[in-house]
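Enquirer: My questions concern the predicted model and sequence given below.
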Amino acid sequence: MLSFPNVSRSYDATRHCIRFWGSDGAIEISFFLDESALIGIAVEPPSSEASLLESFDCNRERILKAARKVYERRRKGSYDLFASDLR
């Protein structure tokens with residue numbers, strides 16, 4: 001079962017996404033939340049790395065719920081999440 005015991009997340013400027021991790025037993029799974037998806041759900045449009053990370057934190061439960069759904073649909077080593085996954 002997928003869980004998110006590690007609350008760390010980071011901004012990847014090269015990929016323009018927020019990277020975070022989940023665990024399924026002993027397996028670590030990487031997730032990449034597209035920056036535009038985060039901008040779409042933010043109360044105020046994030047304008048910096050710090051504000052993107054803050055927006056992630058404010059929407060963490062919604063994002064983790066979407067990550068669980070994507071993970072259950074197709075299990076693999078890493079996942080990209082987009083705006084359509086957060087609807």
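Expert: Great, that's in hand. Keep in mind that what you see is a predicted model, and the values were worked out from it rather than measured. Numbers count the residues shown, from 1 in each chain.

Enquirer: residue boundaries of the helices in this protein?
Expert: 35-41, 49-58, 60-73 (DSSP state H).

Enquirer: Just name the most buried of these.
Expert: helix 35-41 (a mean of 18; mean count of other Cβ atoms under 10 Å). (C-beta placed from N, C-alpha, C; glycine too.)

Enquirer: List of residues touching that helix?
Expert: Residues from elsewhere that reach helix 35-41 (Cβ atoms under 8 Å, 6 or more residues apart in numbering): 16-18, 45-46, 52, 55-56, 59, 62, 81-83, 85-86.

Enquirer: before we move on, what about stretch 10-23?
Expert: 2-6, 8-9, 28-36, 38, 49, 52-53, 56, 63-64, 67, 71, 80.

Enquirer: Next, name the residue at the spatial heart of this structure.
Expert: Taking Cα atoms, centre = their mean, the centroid of the chain lies closest to residue 33, which sits 4.0 Å from it.

Enquirer: on that earlier part again, distance to residue 22 and mean pLDDT for the helices of the chain - can I get that in TSV?
Expert: Shown next, in TSV, are the helices of the chain (distance: least, Cβ to Cβ, whole Å; pLDDT from 0 to 100):
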stretch	distance to residue 22	mean pLDDT
helix 35-41	17	91
helix 49-58	14	94
helix 60-73	6	95
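
Enquirer: and of those, who's closest to residue 24?
Expert: Across those, the minimum distance to residue 24, taken as Cβ to Cβ, is reached by helix 60-73, at 7.7 Å.

Enquirer: who does the closest one touch, helix- and strand-wise?
Expert: Judged by 3 or more Cβ pairs under 8 Å, 6 or more residues apart in numbering; DSSP states H and E, helix 60-73 is in contact with strand 2-3, strand 17-24, strand 27-34, strand 78-81.

Enquirer: Throw those strands into TSV and include mean pLDDT, thanks.
Expert: Converted to TSV, these look like this (pLDDT from 0 to 100):
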stretch	mean pLDDT
strand 2-3	94
strand 17-24	96
strand 27-34	95
strand 78-81	95
